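Enquirer: Structure for the following, please:
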Amino acid sequence: MQSVDEFMRTFLNARVAEEEREQASRAPFRRLFYTDDCHWDSRLYTLDMLKGERIISIQSSVAGASVVTELKAPPLPTVQRFRYHLKTSGNNWLIGGVERQCPVCNGEGDEGCVVCKGKHWMGILEKGRS
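Expert: Numbers count the residues shown, from 1 in each chain. The predicted model follows:
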């Protein structure tokens, strides 16, 4: 079975390749309706952002693994962190959910945070988790 690290690196590279394909397929549409200097709906910084996502930590357990990554979100100097929840599926890993570090308390887990209420993370996309 592929290691968690290998799976995540493969995923991150494949996601960049998919975004490159998506942007290339949208190029004729953009040329038809937008000037070259109009960046509305262009996903201008998406590739740079995705190319810069890197693995910060990996925690494995019997139930699966969680991987924390960080990326810079241009044009701002902000750093965003994400936590991927992985599950095994046969002889492979699959992403079962993704959380974003709370942007209000910056993942400090302040009990008074109106967004994460002290949980550090938000936006769980996995069914059955709270």
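Enquirer: Let me know how buried the closest residue in space to residue 34 that isn't next to it in sequence is, in neighbour terms.
Expert: Nearest non-adjacent residue to residue 34, counting by Cβ to Cβ, 6 or more residues apart in numbering: residue 40, 7.0 Å away. For every residue, glycine as well, the C-beta is placed using N, CA and C. Using other Cβ atoms under 10 Å, residue 40 has 8 neighbouring residues.
Enquirer: and what of residue 36?
Expert: Residues near residue 36, counting by other Cβ under 10 Å, number 8.
Enquirer: Which pLDDT value belongs to it?
Expert: Looking at residue 36, its pLDDT stands at 93.
Enquirer: likewise residue 69?
Expert: The predicted local confidence for residue 69 is 97.
Enquirer: heads up, I number from 142, so please use that
Expert: Done: numbering now begins at 142, and the last item shifts to residue 210.
Enquirer: re earlier: the residue nearest to residue 175: what secondary structure?
Expert: With DSSP: H, G, I helix; E, B strand; the rest coil as the basis, residue 181 sits in coil.
Enquirer: I'd like to know how far it sits from residue 156.
Expert: 23 Å (Cβ to Cβ, to the nearest Å).
Enquirer: thought residue 206 was touching residue 200?
Expert: Yes: under the criterion of Cβ atoms under 8 Å, residue 206 makes contact with residue 200 at 6.4 Å.
Enquirer: Show me which of these two is the more surrounded one.
Expert: Counted by other Cβ under 10 Å, residue 206 and residue 200 do not tie: residue 206 has more neighbours, with 19 against 11.
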